[in-house]
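Asker: Provided below for reference: sequence and predicted model.
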Amino acid sequence: MTPSDDPNDPNDPNDPNDRDDRDDRDDRDGRQEQEERDRPETAHRAAVLGSPIKHSLSPVLHRAAHTALGLTDWSYGRFEVTEDGLPSFVERLGPSWAGLSLTMPLKRAIIPLLDEISDTAAAVEAVNTVVLTGDGRRRGDNTDIPGMIAALAERGVTAVPSAAVLGAGATASSALAALARICSGPVTAYVRSAARAAEMRGWGERLGVEVRTADWADAAQALRFPLTVATTPAGTTDTLAAAVPDRPGTLFDVLYDPWPTALAAAWSGRGGAVVGGLDLLVHQAVLQVERMTGHSPAPLAVMRAAGERALESRQ
């Protein structure tokens, strides 16, 4: 989870409709990024890397956690890093660096640069967290999967007999890995091509999940499962909103901006439980903070509140 696999990727940065009053904020973001880069090496440093990266909420969440935990000697920045630039960026990291968060397109590109990788990350071939140890080793992990499980558990969803996944790609494979732990029956993936169908069945075999595939034209049927996980980009599921059943189960829509999606709003309107992308983002960030800083538990409520304020400011 190419940039198109990430449902929360921002719009084309060259789109004039996406610039207007964001220009000033982007300037501030650039200054903040430079300040993070220039921060003295005596601080404990961490950052999120990816491309595009300017609208990432990770700095908001991690900095809120550091403040709440009293970690005044920690900093957390963000850096625009492409796949080609990743090796040199990692090699230049000094001894003050404690951790990295990886977003697209770096979650797989980072793997050859690591000394070790967790079983969770290896299962989906995706690393979103790197812990840099005192002896210089780089340990890769994936907090997206346990973050999904924790977000669902927070809403009381700890086991389901079956589930549906809308979409394919890296986010969908992480969803399958999470469902492998809480779904006792088959998972039906609604996809747009035979190639995507084969990909999802392959992930199912690897993760130990019985995956059935169906054509996207029948995606409305996905809304009748006990748990529906939407992993598609913004706007893709809008036409499904009218098909939400009278008594829906639980919807996990991994988008957080814009929020609510048309599907999530219709689902809530029918009385169904909704887990959103901010829930996932916060829960995976909690795990990152704990792994990078060694402080546990990380302040979930504080981090969520900071994320909500940041999203409100974008409206």
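Answerer: Ah, there it is.

Asker: where does the stretch 1-150 of the chain dip in pLDDT?
Answerer: 1-42 (pLDDT under 70).

Asker: just the strands from it, written as ranges.
Answerer: With DSSP state E, counting those that start in this stretch, the ranges of strands along the stretch 1-150 of the chain come out as 44-50, 74-80, 97-102, 116-117, 129-132, 138-141.

Asker: I'd like the ones you listed laid out as JSON lines, including mean neighbour count and distance to residue 220.
Answerer: For every residue, glycine as well, the C-beta is placed using N, CA and C. Formatted as JSON lines, these follow (neighbours: other C-beta atoms under 10 Å; distance: least, C-beta to C-beta, whole Å):
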{"stretch": "strand 44-50", "mean neighbour count": "24", "distance to residue 220": "33"}
{"stretch": "strand 74-80", "mean neighbour count": "20", "distance to residue 220": "38"}
{"stretch": "strand 97-102", "mean neighbour count": "24", "distance to residue 220": "35"}
{"stretch": "strand 116-117", "mean neighbour count": "16", "distance to residue 220": "39"}
{"stretch": "strand 129-132", "mean neighbour count": "24", "distance to residue 220": "36"}
{"stretch": "strand 138-141", "mean neighbour count": "22", "distance to residue 220": "37"}
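
Asker: in JSON lines: the ones you listed, plus distance to residue 167.
Answerer: Conversion of the strands of the stretch 1-150 of the chain to JSON lines gives the following (distance: least, C-beta to C-beta, whole Å):
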{"stretch": "strand 44-50", "distance to residue 167": "20"}
{"stretch": "strand 74-80", "distance to residue 167": "26"}
{"stretch": "strand 97-102", "distance to residue 167": "21"}
{"stretch": "strand 116-117", "distance to residue 167": "25"}
{"stretch": "strand 129-132", "distance to residue 167": "23"}
{"stretch": "strand 138-141", "distance to residue 167": "24"}
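
Asker: closest to residue 230 out of the ones you listed?
Answerer: Proximity to residue 230 (C-beta to C-beta) singles out strand 44-50 among the strands of the stretch 1-150 of the chain, at 21.8 Å.

Asker: roughly how far is the closest one from the heart of the chain?
Answerer: What separates the centre of strand 44-50 from the centre of its chain is 16 Å, taken as C-alpha atoms, centre = their mean, to the nearest Å.

Asker: just checking, what packs against that strand?
Answerer: Under the contact definition 3 or more C-beta pairs under 8 Å, 6 or more residues apart in numbering; DSSP states H and E, strand 44-50 sits against helix 58-68, strand 74-80, strand 97-102.

Asker: count of neighbours near residue 106?
Answerer: Applying other C-beta atoms under 10 Å, we find 28 other residues in the vicinity of residue 106.

Asker: so it versus residue 267, what's the distance?
Answerer: To residue 267, residue 106 is 32 Å away according to C-beta to C-beta, to the nearest Å.

Asker: likewise for residue 309?
Answerer: Here the distance between residue 309 and residue 267 works out to 24 Å (C-beta to C-beta).

Asker: do residue 57 as well
Answerer: As it turns out, when the distance is counted by C-beta to C-beta, residue 57 lies 23 Å from residue 267.

Asker: and if you look at residue 168?
Answerer: To residue 267, residue 168 is 21 Å away according to C-beta to C-beta.

Asker: contact partners for the residue lying closest to residue 293 once chain neighbours are set aside?
Answerer: Nearest residue to residue 293, sequence neighbours excluded (C-beta to C-beta, 6 or more residues apart in numbering): residue 71, at 6.2 Å. Neighbour list for residue 71: 44, 65, 293, 295 [criterion: C-beta atoms under 8 Å, 6 or more residues apart in numbering].

Asker: pick out the most distant pair among those residues.
Answerer: Maximum pairwise distance among the contacts of residue 71 (C-beta to C-beta): 12.8 Å, between 44 and 65.
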